[in-house]
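Undergrad: This is a predicted model, with the sequence first.
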Amino acid sequence: MRRGVACVVLLAACRPELGPPDSLVTRERVIAVIAEPPESGPGEAVAYRAVVASPSGPVDGAAATWGFCATPKPLTDNNLVASACLVDARPIADPARAETPRDACRSFGPDPPPGGLRPRDPDVTGGFYQPVRVALGAERAFRLQRVSCSLPSAPLDVAVAFAAAYRPNERPVVRELSLTAEGAPIAPGDRVPGGATIGLRVSWDASAEEPYVVYDPVARALSGRTEALAVTWFVSGGEVADEVTGGAAAHSSETSWRAPAAGRAWVWAVLRDERGGVDAAVAEVDVAR
């Protein structure tokens, strides 16, 4: 959440003043970037699409401008990307066919970068990521595009086994975003009472939870994992009980939403897998006073 600081009279301690939750859409903003495919090799084309939300519903993201970050962040920096990428990036002329930079594995991966710098370390899924910047007005959002790079510092036999076993990530797809009131489904066009508690549920096919292999540099061996999925929720009004929910055994995720007092309202669900795959769904609700 965004936080401001409110200092009360002399002897009172300063305490954080909580702003609106991140799940509440109070302005036009990019809430997700969908990439197809979600994992690409250097030089391979990717189609990017921004999911833009506003208090009055979904917004076409065609006006957004795109760029590839070119400057790796310092290893001591905890930010998502280098601060230089906020103002400087390699322009992407056509986000529907953007070629992954050919130096991505050198700048953001395991290949030795120029200048004698240390190569990047993979994340817990064994992945390396090329940052992609999307700008919409004053808003800046980033996607970390997973890049297929060579296996770092692995014995030859392990590298060969990894190449044979590893399958690039595929994007998860939302099967259904469903809403219920007191256990009954809410159909498009139905009206719900203001302030009502609405059940929200996203489901996906079991195939979205993909198995994959990871190289363990300590054991110098491969291990198997299965992708975990999670959902981030956004609303144009009211309040969700949980901003982020994990996947369940039923290949679904759910929470509840307290609807606003009246008017049109929108609910967005952004589905993510742990290797960078993203999908999104939106529902419109008519709230009666």
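TA: Yep, that arrived. Numbers count the residues shown, from 1 in each chain.

Undergrad: Now do stretch 127-138: distance to the chain's middle.
TA: The chain centre lies 11 Å from the centre of stretch 127-138; the measure is Cα atoms, centre = their mean, to the nearest Å.

Undergrad: Check stretch 259-273 too.
TA: Centroid separation for stretch 259-273 versus its chain: 17 Å, with Cα atoms, centre = their mean.

Undergrad: Output that stretch in PDB, but only the C-alpha positions, please.
TA: C-alpha atoms of stretch 259-273 as PDB (Å, rounded to 0.1, in the frame of the first residue of the first chain):
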ATOM      1  CA  ALA A 259     -19.800  -3.800  -3.200                       C
ATOM      2  CA  PRO A 260     -20.000   0.100  -3.200                       C
ATOM      3  CA  ALA A 261     -23.200   1.900  -2.300                       C
ATOM      4  CA  ALA A 262     -24.500   2.300  -5.800                       C
ATOM      5  CA  GLY A 263     -23.600   2.700  -9.500                       C
ATOM      6  CA  ARG A 264     -21.600   0.700 -12.000                       C
ATOM      7  CA  ALA A 265     -18.600  -1.200 -10.600                       C
ATOM      8  CA  TRP A 266     -15.800  -3.400 -12.100                       C
ATOM      9  CA  VAL A 267     -13.800  -6.200 -10.700                       C
ATOM     10  CA  TRP A 268     -10.500  -7.400 -12.300                       C
ATOM     11  CA  ALA A 269      -8.700 -10.600 -11.600                       C
ATOM     12  CA  VAL A 270      -5.000 -10.900 -12.700                       C
ATOM     13  CA  LEU A 271      -3.800 -14.500 -12.800                       C
ATOM     14  CA  ARG A 272       0.000 -15.100 -12.600                       C
ATOM     15  CA  ASP A 273       2.200 -18.100 -12.500                       C
END
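
Undergrad: Report the buried residues of that stretch.
TA: The neighbour-count criterion (16 or more other Cβ atoms under 10 Å) identifies A259, P260, A265, W266, V267, W268, A269, V270, L271, R272, D273 as the buried residues of stretch 259-273. (Glycine included, C-beta is placed from N, CA and C.)
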